[in-house]
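S.K.: sequence-free structure coming up:
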């Protein structure tokens, strides 16, 4: 079945998601500035993206509910609205949002437009199904996606590599499944991987192996990948840069 991932969203920018930095560890990472951009991504996702036909098509294909599709407490907008249906996806999207709100009311619940929405499950699902192209990420999370969810995207790509190395396919798939029948329909190998991204993952994986052997603090090995009879000797072949 042919499916043009990048073609689903024509406004995406050609941004390389791979980076040598680890933004949530790097001392230069400004968490307060990042949070402002992340909130912008949440607002875009809730108010616009979830009502667009391309985002709904991708979400259906990878089997993940959008906030307004939740059977209980659907999230219709980032802020309360009065007298108007949320979204900008046309009559069909507005009708779907109204139906979700009616279903919640019939079930004894109420829509909670200001409820917290985490974007991590959507980033994880896009990574695991190889839909994490810049154009698709832009379509889901808006113009601020690079600064807003870019660090999380980088981390989830590394986590996916670690999951594949840690266990077999069946257990990895189970880890990426979600409740309410939102099982991942398929897994694909990580796409558009650079040599730099692999080396960064290798280094971080070796640091994890060192922690498993309590090689921390004063016991930290001076040369990553060194001996000492630890798990590092069974680790990946780290590519050291020449001086």
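M.R.: Noted; the coordinates are in hand. Computed from a predicted model, the values in this text were never measured in an experiment.

S.K.: for the chain, which spans come out with low pLDDT?
M.R.: 1-27, 80-115, 223-243 (pLDDT under 70).

S.K.: show me where it has helices.
M.R.: With DSSP state H, the ranges of helices along the chain come out as 31-47, 53-61, 90-106, 120-128, 134-141, 145-148, 150-166, 169-176, 195-212.

S.K.: Which one, of those, ends up nearest to residue 79?
M.R.: helix 31-47 (8.2 Å; Cβ to Cβ). Backbone N, C-alpha and C define where each C-beta goes, glycine included.

S.K.: Go through that closest one and flag the buried ones.
M.R.: 34, 37, 38, 40, 41, 42, 43, 44, 45, 46, 47 (16 or more other Cβ atoms under 10 Å).

S.K.: Redo the helices of the chain as TSV? Include distance to residue 222.
M.R.: TSV is the format used below for those (distance: least, Cβ to Cβ, whole Å):
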stretch	distance to residue 222
helix 31-47	31
helix 53-61	47
helix 90-106	57
helix 120-128	34
helix 134-141	39
helix 145-148	36
helix 150-166	24
helix 169-176	34
helix 195-212	12
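
S.K.: okay, those helices, which one's buried deepest?
M.R.: Highest mean neighbour count of the helices of the chain: helix 134-141, a mean of 24 (counted as mean count of other Cβ atoms under 10 Å).

S.K.: what residues go with each domain of the protein?
M.R.: 24-176, 195-234 (automatic domain parsing).

S.K.: Adding distance to residue 186, write these out as CSV.
M.R.: CSV is the format used below for the domains of the chain (distance: least, Cβ to Cβ, whole Å):
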stretch, distance to residue 186
domain 24-176, 6
domain 195-234, 22
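
S.K.: what residues are up against the nearest residue to residue 191 once chain neighbours are set aside?
M.R.: Leaving out its chain neighbours, the residue that sits closest to residue 191 by Cβ to Cβ, 6 or more residues apart in numbering is residue 130, at 4.5 Å. Residues near residue 130 by Cβ atoms under 8 Å, 6 or more residues apart in numbering: 5, 188, 189, 190, 191.

S.K.: switch the cut-off to 10 Å
M.R.: 5, 62, 136, 186, 187, 188, 189, 190, 191, 192 (Cβ atoms under 10 Å, 6 or more residues apart in numbering).

S.K.: tally of neighbours for the fifth one?
M.R.: By that I understand residue 187. Using other Cβ atoms under 10 Å, residue 187 is surrounded by 15 other residues.

S.K.: Could I get the phi/psi values of it?
M.R.: Dihedral pair for residue 187: phi -120, psi 140, per degrees, to the nearest 10.

S.K.: so how far is residue 176 from it?
M.R.: Distance check for residue 187 against residue 176: by Cβ to Cβ, to the nearest Å, it reads 7 Å.

S.K.: Kindly report the same for the fourth one.
M.R.: For residue 186, the distance to residue 176 under the criterion Cβ to Cβ works out to 10 Å.
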